[in-house]
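Enquirer: Compute the structure for the input listed below.
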Amino acid sequence: MTLTDLAALGSFVSGVAVVVTLGFLVLQMRQSAQNQRSLMQQGRSARLNDLALARTQQHLAEAFSRTGTGVPLDPAQVEAVNAWLMALFWAYEDSYLQFQAGTLDKPGWDTDVATLKLFLALPECRASWRLNRVAASGGYRAFVDSLMEQIAPAPMNPDLWKAIVAEELAKARA
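Expert: From the prediction side, this is the model:
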């Protein structure tokens, strides 16, 4: 075997090593992107769960139970409801921006939009948006404004909860 043959063999082995290394790099990049999306989803879920759990705090639960009933809220209750709703809007703005950047997948975004639509039907949520919309980014502000135009206000109906629970209990006993 001549030096030329050895050089050619070395060049071939080097080329194979580069291809194998690139294959592993592509695999690692895919796995890294998947892990990043998973972390983004986990953070989104934790943020929204924290918001939901915050509503179980006595003062906030009492304030929300009075909204939409015609019973006036005291100033502290107005502040608590508005602050919670502002946090909700900021959480969904973050999801909006993540979706626009391609770091939140379509099914996750569709879930957020459906939930946001449910909230935007509530008069107290609509009022909070109108008071605080100036703090939102331009694209998100336009997006929520367009949803507000599509959705008619409808106060929460606590009797509906009771009726559905009664239906489910009847099914369980049948």
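Enquirer: Which secondary structure element of this protein has the lowest mean pLDDT?
Expert: Here the helix or strand of the chain ranked lowest by mean pLDDT, DSSP states H and E is helix 3-54, holding a mean of 79.
Enquirer: same for that one, what does it pack against?
Expert: Contacts defined by 3 or more Cβ pairs under 8 Å, 6 or more residues apart in numbering; DSSP states H and E place helix 3-54 against helix 75-101, helix 106-120. C-beta coordinates here come from the backbone N, C-alpha and C atoms, glycine included.
Enquirer: got the buried residues for the last one?
Expert: This points to helix 106-120. By 16 or more other Cβ atoms under 10 Å, the buried positions in helix 106-120 come out as 108-109, 112, 116, 119-120.
Enquirer: contact partners of it?
Expert: 41, 44, 85, 88, 92, 95-96, 99, 125-126, 129, 144, 147-148, 151 (Cβ atoms under 8 Å, 6 or more residues apart in numbering).
Enquirer: Could you export the buried residues of helix 106-120 as JSON lines, including pLDDT?
Expert: Output for the buried residues of helix 106-120, formatted as JSON lines (pLDDT from 0 to 100):
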{"residue": "108", "pLDDT": "90"}
{"residue": "109", "pLDDT": "93"}
{"residue": "112", "pLDDT": "94"}
{"residue": "116", "pLDDT": "95"}
{"residue": "119", "pLDDT": "93"}
{"residue": "120", "pLDDT": "96"}
